[in-house]
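>>> Pasting the sequence and the predicted coordinates here, then a few questions.
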Amino acid sequence: MTSDQLLAPTDREEALSRAYLQAVAAGAGYVVASLDFDRDGIDCEIKAGGRMRPSLGIQLKATIHLGDVQEGHYRYPLKRRNYDLLREPTQTPRVLVVLALPTDEAEWLTVTEAELVLRRCAYWVSLADAPESENQTSVTVSLPELQRFDVSALRALMDQSRTGGIR
């Protein structure tokens, strides 16, 4: 970290996860509302227009330690509190979105005249109806490799939100 940086690497990971979410939502034509306080396990809400004006609650995480795919899933340790809040029944569906970043911080972001590149991608999972856990501090959740959080996935999630649930 250089002497003039105010953000630690974990702060930059969080900021890039928010930028990723904002870019995907903008690509889909949706609005992102950031919440001032994460007291309910949600960092942001994405809102769409059209029939039923659907919303989606988002818990954002970022990591350089997502590891390799095992049997079609990534494994991510989530704090027990966040796990419990994401599995509760709610009127607005909620998902966990985890941004995987390269291990080398110098590879996270590149800006040139031709492009802005944020390396790797995010994956999403709904924990609605997930079982209660015996673990006290964290619960390892499975992020399906095929559930990449991108524009088409977000549109599909909003369509599911119109009907009241995401599975």
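That came through fine.
>>> you'd agree Arg155 is in a helix?
Yes: assessed with DSSP: H, G, I helix; E, B strand; the rest coil, Arg155 lies in a helix.
>>> excluding its backbone neighbours, what's nearest it?
Spatially, and ignoring its direct neighbours in sequence, Arg155 is nearest to Ala28 (5.4 Å; Cβ to Cβ, 6 or more residues apart in numbering). Glycine gets a C-beta too; all of them are placed from N, C-alpha and C.
>>> ok, so what distance separates that neighbour from Trp124?
Note on Ala28: its distance to Trp124, by Cβ to Cβ, to the nearest Å, is 13 Å.
>>> tell me the mean pLDDT for stretch 109-127?
For stretch 109-127, mean pLDDT is 94.
>>> distance between the ends of it?
30 Å (Cα to Cα, to the nearest Å).
>>> what does the lowest-mean-pLDDT helix or strand in the chain rub up against?
In the chain, no helix or strand scores lower on mean pLDDT, DSSP states H and E than strand 116-118, which sits at a mean of 89. Outside strand 116-118, the residues that touch it by Cβ atoms under 8 Å, 6 or more residues apart in numbering are Leu16, Ala19, Tyr20, Ala23, Trp108, Leu109, Thr110, Val111.
>>> Which strands and helices lie in contact with the longest strand anywhere in the chain?
Looking across the chain with DSSP state E, the single longest strand is strand 55-63. Contacts defined by 3 or more Cβ pairs under 8 Å, 6 or more residues apart in numbering; DSSP states H and E place strand 55-63 against helix 9-28, strand 44-47, strand 73-79, helix 80-87, strand 94-100, helix 151-162.
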